[in-house]
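S.K.: build me a structure from this.
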Amino acid sequence: MTCKEAEKMIPLFLEDDLDTDDLREVLEHIDNCEECKEELTIQFLVTEGMTRLETGNVFDLKNELRHRMLEAEHSLKRREGMQWFLYAMEGLVVVAIITLAALLKVLF
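M.R.: Presented below is the predicted three-dimensional model:
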């Protein structure tokens, strides 16, 4: 993923609106790119910080952003686990259909 692609996805990341593959790529890129990490920090400060200031809530940029990144990593792991579960279930359905077809062939 290029920096330009990552920067375009930062707002979607902050809105938790990325699919699993894009989320994985953005997290990997930001983890390895200081410039994009800084851009994420700036956009996070603008979006989340302004909301917090308007409501009068205390805002701790460093901890809030770290928490958001950890939540995204956990979400990614859950999503990937769910994908593997769905692949396994699809495999079981295929095996069941083949078994049923074989049984029907034997019976008829």
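
S.K.: name the element His29 belongs to?
M.R.: helix 20-32 (DSSP states H and E).

S.K.: which elements pack onto that helix?
M.R.: helix 3-14, helix 34-44, helix 61-107 (3 or more CB pairs under 8 Å, 6 or more residues apart in numbering; DSSP states H and E). Any C-beta I mention is one placed from the backbone N, CA and C, and that applies to glycine too.

S.K.: just put these in JSON lines and tack on distance to Glu25, mean pLDDT and mean neighbour count.
M.R.: Listed next are those as JSON lines, based on distance: least, CB to CB, whole Å; pLDDT from 0 to 100; neighbours: other CB atoms under 10 Å:
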{"stretch": "helix 3-14", "distance to Glu25": "8", "mean pLDDT": "95", "mean neighbour count": "16"}
{"stretch": "helix 34-44", "distance to Glu25": "11", "mean pLDDT": "94", "mean neighbour count": "15"}
{"stretch": "helix 61-107", "distance to Glu25": "10", "mean pLDDT": "92", "mean neighbour count": "11"}
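
S.K.: phi, psi of Phe59?
M.R.: Note on Phe59: its backbone torsions stand at phi -130, psi 120 [degrees, to the nearest 10].

S.K.: one more: Leu18?
M.R.: Torsion angles, degrees, to the nearest 10, at Leu18: phi -110, psi 140.

S.K.: ok, and the closest non-adjacent residue to the residue most central in space within the chain?
M.R.: The centre of the chain sits closest to Leu23, judged by CA atoms, centre = their mean, with a distance of 3.8 Å. In space, and not counting its chain neighbours, Leu23 is closest to Leu76: 5.3 Å by CB to CB, 6 or more residues apart in numbering.
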